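1. this one's sequence-less:
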């Protein structure tokens, strides 16, 4: 009887599991968000329990800025420590097993003018291979800040590495002509390539034609010396009158160290919704561009939108993976919900891309581009009469009437004076949350938003009157000056007036699995809900991860839950209600024989989810 007992294997949670890490924002420099950890699997995921909770104390901070604050960070794991950043750029080191704070660094942000964004998606780490044990700043933690500094910290103490730049920091406004302080920021974790730290910038949109340069820069990780600079829209942008700007890289940069390449996702040239002064296709805005990592030399570029008029930035970190016969590949996910699969050595499509005709602008002075690249579509595109949706007949009719009164001729319908429905809108498709790659099933996993925007251009001389009467006209969305252009802009989410739900049919948010070998969907399931007891899917900000345990984990949705899905089928297998919105991407690691799942739950001010300051770790009993 005793012998029989000894042959029974211990439960999964008691088995010794090999250690697995999460050393960069997307786990690996190519952003696959895949973990080989498999202690937590389909058989036991329902047993997950909270292992520890840490409160950052980030909120409340500033009454006005807190309204914008979003806890979008994904912690990284290095040397058994978790490193993360708060919306106000405090960098915190935690014991990864207990959640106890080891140190905290306060950058003492300067914000007399406020900030366009109040978020930080994370930090980066770089260990000096020549450093001796215990050497100060042998492990460096880098963060880019809301007031445009790049800071290097000692991983052991959290103190600035004084040999980097000036007393541990670089002023990124150098070589940049600031238009509006507070609108030139860094919100994503810098990229690391060998002895270089590489960063772009986040710029406040739609302020004017002439904005800051969207330059990408590489600095020496030890000294902070500038090693190279690349401008996405040079030289053509400097020949425009007035001079356009932006085209900046505000999302996460991917690195392929083996091939000496970095992949830069870029945003639109300024301003987003009027291009009369930036005629042409505006390369290399709205693109993914491969640069030689060591020098910044241009290698190739792929533009996902020509002459952008819709705020269709490439918001996602490009995902690097091995395609058929191990061809080095890159997946580009977009706000349009379109996906492009390319050879990452030369930028040539591995799955078909076709230039297709699109509607023409009717705005005087605007020369919209006649075609746009069509790749793999993962969400509905365009809204036509009959597509209106509402919880009741009255709301459905209101939505239908709005469609009929607007310009709506499919995806890439240009902005207009009468008002244009843009579907998907600038918050649609795949945003900064990016994608995850399951190498076992060659599936690209992404969270999508099915969200339309209503956009109206406003003649400059009519802006003041329309703005002053905005309440009477029920214009509760966003006005943008677009100074220097003949038109200002107004945009709002296309929602029903009473229940404030999307005017298009659900699902409004999904998790999609795309077979990157065939370009076909493997599955597509709702993520969360906006209507109790209905699987409507929910608008979401935050991304998925995938593990060798056959699981996908994601929070992100408006309804505030962390969920697990079966990677093979998309079946939801576990859910947990978070104490605040989980508008972040989780991460996982294995230490001391136990696998942990960690999520930042602090909500999103602009999105309207419950705010807080929680970092929560889960594990098996």
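-> Perfect, I can see it now. Bear in mind the structure is a predicted one, so any value in this text is a computation, not a measurement.
2. make it CA atoms for all contacts and neighbour counts henceforth
-> OK.
3. any weak-confidence spans in the stretch 101-250 of the chain?
-> The stretch 101-250 of the chain contains no residues with pLDDT under 70.
4. where exactly do the strands run in it?
-> Along the stretch 101-250 of the chain, the segments classed as strands by DSSP state E, counting those that start in this stretch run 101-105, 118-119, 124-127, 139-144, 149-154, 169-171, 184-185, 191-193, 196-199, 202-203, 216-220, 226-230.
5. how far out from the middle of the chain is the first one?
-> Spelled out, that is strand 101-105. 26 Å (CA atoms, centre = their mean, to the nearest Å).
6. same thing with the second one?
-> Taking CA atoms, centre = their mean, the mean C-alpha location of strand 118-119 is offset from the chain mean by 13 Å.
7. what does the last one give?
-> How far strand 226-230 lies from its chain's middle: 24 Å, per CA atoms, centre = their mean.
8. Neighbouring strands - and their directions - for that strand?
-> Pairing partners of strand 226-230, with direction, according to DSSP bridges: strand 216-220 (antiparallel).
9. Mind listing what's buried along the strand it pairs with?
-> 216, 217, 218, 219, 220 (16 or more other CA atoms under 10 Å).
10. Turn the strands of the stretch 101-250 of the chain into CSV, including distance to residue 363.
-> Formatted as CSV, these follow (distance: least, CA to CA, whole Å):
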stretch, distance to residue 363
strand 101-105, 50
strand 118-119, 34
strand 124-127, 44
strand 139-144, 39
strand 149-154, 40
strand 169-171, 40
strand 184-185, 30
strand 191-193, 40
strand 196-199, 36
strand 202-203, 26
strand 216-220, 33
strand 226-230, 33
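11. Among the buried residues of strand 216-220, which pair sits farthest apart?
-> Farthest-apart pair in those is 216 and 220; separation 13.9 Å (CA to CA).
12. which residues touch the longest helix anywhere in the chain?
-> Scanning the chain for the longest helix, with DSSP state H as the assignment, gives helix 393-405. The contact list for helix 393-405 (CA atoms under 8 Å, 6 or more residues apart in numbering) reads 383-390, 418-419, 421, 495-498, 503.
13. May I ask which of the residues you listed has the most neighbours?
-> Highest neighbour count within the contacts of helix 393-405: residue 421, with 32 neighbours (other CA atoms under 10 Å).
14. by contact count, what packs against the helix or strand containing that residue?
-> Using DSSP states H and E, the element containing residue 421 is strand 420-422. Applying 3 or more CA pairs under 8 Å, 6 or more residues apart in numbering; DSSP states H and E, one finds that strand 420-422 makes contact with strand 453-459.
15. Let me know the angle separating the strand it packs on from helix 393-405.
-> 50 degrees (axes from the mean of the first three to the mean of the last three CA atoms, to 10 degrees).
16. Tell me how many other residues surround residue 131.
-> 12.
17. How much space separates it from residue 222?
-> The gap separating residue 131 from residue 222 is 11 Å, by CA to CA, to the nearest Å.
18. swap in residue 410?
-> 51 Å.
19. likewise residue 379?
-> From residue 379 to residue 222 the distance is 45 Å (CA to CA).
20. Compare neighbour counts for the two and give me the winner.
-> residue 379 (24 against 20).
21. quick one on the thing from earlier: residue 465: which of the buried residues of strand 216-220 is nearest?
-> Nearest to residue 465 among the buried residues of strand 216-220 is residue 216, at 39.7 Å by CA to CA.
22. Excluding chain neighbours, what is closest to the closest one?
-> Using CA to CA, 6 or more residues apart in numbering and skipping the chain neighbours, the partner closest in space to residue 216 is residue 200 (4.5 Å).
23. Show the contacting residues for the one you found.
-> Residues near residue 200 by CA under 8 Å, 6+ apart: 186, 190, 214, 215, 216, 217, 248, 249, 250, 251.
24. contacting residues for the closest residue to residue 137 other than its chain neighbours?
-> Nearest residue to residue 137, sequence neighbours excluded (CA to CA, 6+ apart): residue 154, at 4.4 Å. By CA under 8 Å, 6+ apart, residue 154 lies in contact with 136, 137, 138, 139, 140, 141, 160, 161.
25. what sits against the fourth one?
-> Translated: residue 139. 125, 126, 127, 128, 154, 155, 156.
26. Need those in CSV (columns: distance to residue 34).
-> Output for these, formatted as CSV (distance: CA to CA, whole Å):
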residue, distance to residue 34
125, 19
126, 20
127, 22
128, 25
154, 28
155, 25
156, 27
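27. Quick check: of those, which lies closest to residue 370?
-> Of those, the one sitting nearest to residue 370 (CA to CA) turns out to be residue 125, at 44.1 Å.
28. what's the neighbour count on the closest one?
-> When neighbours are counted by other CA under 10 Å, residue 125 registers 26.
29. same question, residue 98
-> 12.
30. how near is it to residue 51?
-> 8 Å.
31. Which stretches in the stretch 351-500 of the chain count as strands?
-> So, for the stretch 351-500 of the chain - with DSSP E, counting those that start in this stretch - the strands run 354-357, 371-374, 376-377, 420-422, 435-438, 443-449, 453-459, 478-480, 487-493.
32. ok, and what's touching the last one?
-> Under the contact criterion CA under 8 Å, 6+ apart, strand 487-493 has outside partners 273-274, 451-460, 463, 476-482, 502.
33. now do the fifth one
-> Contacting residues not belonging to strand 435-438 are listed as 31-34, 316-317, 319, 321, 333, 443-447, 543-547 [CA under 8 Å, 6+ apart].
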